[in-house]
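Trainee: below are the sequence and a predicted model; questions follow.
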Amino acid sequence: MSATTHTDVLIIGGGGTGLAAAIEAAELGRQVILLEKNSDTGGSTSWSVGSITATGTPHQRKANIQDSADAHFEDMEKHAGALAPRDNLALRRILVDNTADMIAWLMKLGVVFVGPEEEPPHRVARMHNVVPNSRSFAYHLTRRCRSLGVDLRLNTATQRIVLEGARAVGVEATLPDGTLHTFKARHGVVLASGDYSAAADLKAQLANPEVALVDAINTTATGDGHRMAMALGASVVNGDIVRGPIMRFLAPTRANLLQRLPPTKIIAQLIAWSATWLPQWILRPFLMSFLTTAVSPSTDLYREGGVLINKDGKRFTNELDKPNKDMAKQPERIGWIVMDSVVAKKFSAWPYYISTAPGVAYAYIDDYRRNRPDIFHCAPTLEGLATSMGVTGQALFETIAHYNQHDRGARPAITQGPFYALGPIKSYVVFTDGGLKITDKLEVLRTDGQVIPGLYAAGSAGQGGLLLEGHGHHLGWAFISGRIAGRAAAHFQG
């Protein structure tokens, strides 16, 4: 029999959602244990761009922007498009009604934002971007947890939820030394365990087998909370909605300058000041170090003449159709975008950019030459380009010759040296939108509609049918729902 540790509130997952839940429960005077299977806190929150869409913020007021939660509610339906009838309107209402308080709470903890930025079809600028990077969230929330005495148990993986009667009272977990341990909560248990973007079986079961082949950005997002709750009879809503496959350049093996900066408040404030007052020619090198990391290439590259080549030196897809799906079927699931000097010159200035990020800037071919030498390839001949890419020269030469003669349609031929390639590039699942079915109090529901007493779900685990299209809504829901679930768990009386 495993040993048992008792606490008031038990949080499963140490991303932004779990940290927010832990803070709220601890501030209510509860003893809190947070279990995180990784060696550090942050989860998918630290993998994000760091945008939060919010209304009624100091940033909006400073920009003289008139906005309201009602307008935000309406605009979220525009983002959802054809999916809108599947949205959970009660949860959407909770989200939009709490964004102003959430931003104020994060700022009080030390998080610094710049913006807001425009993102149509939002009628006004609502997108707030964290500086210096998304690790700022976990940095400040973890500090607050520690100051409140939250017991953070890292490298601790949960296996199953423990019931007493119908009530969830804790979990069984594997400790860092491999032993099984039981954690029990006198009040509530919060599932803040993220999504299942890295779980091939759940993606196949809830979405489709094709997307199951696609790797995740966060390789540890394996749907642990979903599995444990489903074993108790819970169900997943909107499990087929998957953000991916999306093609992105491989991340650099070494952190760039912005990623290496410690996310302290004083450094963030300095960056925020710089973004407002420094001229663009000074700021641009710093912006490019962010914008040329693991971001998606513009699809204009294909329309204007770039082709996708796999590790065998072969063109494997119609770039103008759905190349992201075909990429996942290639050797090592990687490829390169190959172009000639005519296309490369075109993508040296507006309006033809290689990549962009919301509210940041645009990156062109020379930005990749300077900032990403690991994925930038250029040579006078196709054979030389192939050597730089690590593919067979003869295969690449024959592939481009066949493309020029037979497959390019109305697109220009690839003939003018020097020749360029960007990559490796890979298809990823960024996140999954299927969340456990919950009440508007974030209580987990069984398939028969009955609440599982003592069990709450938040963030991606507790998305409950809420549609979070557009930038900045997933992070907003993570913090808002985490705080609500933490308070609910703290108040729960079995």
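Mentor: Nice, I can see it. Being a predicted model, the structure only gives us computed values, none of them experimental.
Trainee: what about the stretch 351-494 of the chain, any weak spots by pLDDT?
Mentor: Within the stretch 351-494 of the chain, the segments meeting pLDDT under 70 span 357-360.
Trainee: what about the strands in the stretch 151-300 of the chain?
Mentor: In chain order, the stretch 151-300 of the chain shows strands spanning 151-153, 157-164, 167-174, 180-185, 189-191, 215-216, 236-237, 242-243, 246-249, with DSSP state E, counting those that start in this stretch as the criterion.
Trainee: can you list these in TSV and add mean pLDDT, mean neighbour count and distance to residue 361?
Mentor: No exception for glycine: its C-beta is placed from N, CA and C like everyone else's. TSV is the format used below for those (pLDDT from 0 to 100; neighbours: other CB atoms under 10 Å; distance: least, CB to CB, whole Å):
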stretch	mean pLDDT	mean neighbour count	distance to residue 361
strand 151-153	98	19	36
strand 157-164	98	18	40
strand 167-174	98	21	44
strand 180-185	98	19	46
strand 189-191	98	35	38
strand 215-216	93	20	27
strand 236-237	98	21	37
strand 242-243	94	20	23
strand 246-249	92	20	16
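Trainee: could you double-check that residue 310 sits in contact with residue 333?
Mentor: No - here residue 310 lies out of contact with residue 333, judged by CB atoms under 8 Å, at a distance of 9.3 Å.
Trainee: out of these two, which sits in the more crowded spot?
Mentor: In this comparison of residue 310 against residue 333, neighbours counted by other CB atoms under 10 Å, the higher total goes to residue 310 at 24 against 18.
Trainee: nearest spatial neighbour of residue 157, chain-adjacent residues omitted?
Mentor: Among residues not flanking residue 157 along the chain, residue 37 sits closest, at 4.0 Å (CB to CB, 6 or more residues apart in numbering).
Trainee: same thing with residue 175?
Mentor: residue 181 (5.1 Å).
Trainee: now residue 80
Mentor: If the residues on either side of it in the chain are set aside, residue 80 comes closest to residue 467, at 4.6 Å by CB to CB, 6+ apart.
Trainee: contacting residues around the one you found?
Mentor: Contact analysis of residue 467 by CB atoms under 8 Å, 6 or more residues apart in numbering lists 76, 79-80, 83-84, 86-88, 92, 238, 241, 433.
Trainee: in helices, which of the residues you listed fall?
Mentor: 76, 79-80, 92 (DSSP state H).
Trainee: now the two most distant members of those residues.
Mentor: For the ones in helices among the contacts of residue 467, the farthest-apart pair by CB to CB is 79 and 92; their separation is 10.8 Å.
Trainee: re the thing from before, redo the strands of the stretch 151-300 of the chain as JSON lines? Include distance to residue 49.
Mentor: Rendered in JSON lines, the data for these read as follows (distance: least, CB to CB, whole Å):
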{"stretch": "strand 151-153", "distance to residue 49": "25"}
{"stretch": "strand 157-164", "distance to residue 49": "28"}
{"stretch": "strand 167-174", "distance to residue 49": "31"}
{"stretch": "strand 180-185", "distance to residue 49": "33"}
{"stretch": "strand 189-191", "distance to residue 49": "25"}
{"stretch": "strand 215-216", "distance to residue 49": "16"}
{"stretch": "strand 236-237", "distance to residue 49": "25"}
{"stretch": "strand 242-243", "distance to residue 49": "13"}
{"stretch": "strand 246-249", "distance to residue 49": "12"}
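Trainee: so which of the ones you listed comes closest to residue 355?
Mentor: That would be, of the strands of the stretch 151-300 of the chain and by CB to CB, strand 246-249, which comes in at 7.8 Å.
Trainee: quick one: contacts of the closest one?
Mentor: Outside strand 246-249, the residues touching it (CB under 8 Å, 6+ apart) are 217, 292-297, 323-324, 327, 355, 372, 375, 422-430.
Trainee: residue ranges of the helices in the stretch 151-300 of the chain, please?
Mentor: Listed in chain order, the helices of the stretch 151-300 of the chain (DSSP state H, counting those that start in this stretch) span residues 200-206, 209-212, 224-230, 257-260, 265-277, 280-291, 300-303.
Trainee: weakest of those helices in terms of mean pLDDT?
Mentor: Mean pLDDT across the helices of the stretch 151-300 of the chain is lowest at helix 280-291; the value there is a mean of 56.
Trainee: in three-state terms, label residue 143 for me.
Mentor: Classification of residue 143 by DSSP: H, G, I helix; E, B strand; the rest coil places it in helix.
Trainee: how far does the longest strand seen in the chain sit from the chain's center?
Mentor: Longest strand in the chain by number of residues, with DSSP state E as the criterion: strand 419-429. A distance of 19 Å separates the C-alpha centroid of strand 419-429 from that of its chain, computed with CA atoms, centre = their mean, to the nearest Å.
Trainee: going forward, count from 854.
Mentor: That works, and once the first residue is 854, the last one we named lands at strand 1272-1282.
Trainee: this completes my enquiry, with thanks.
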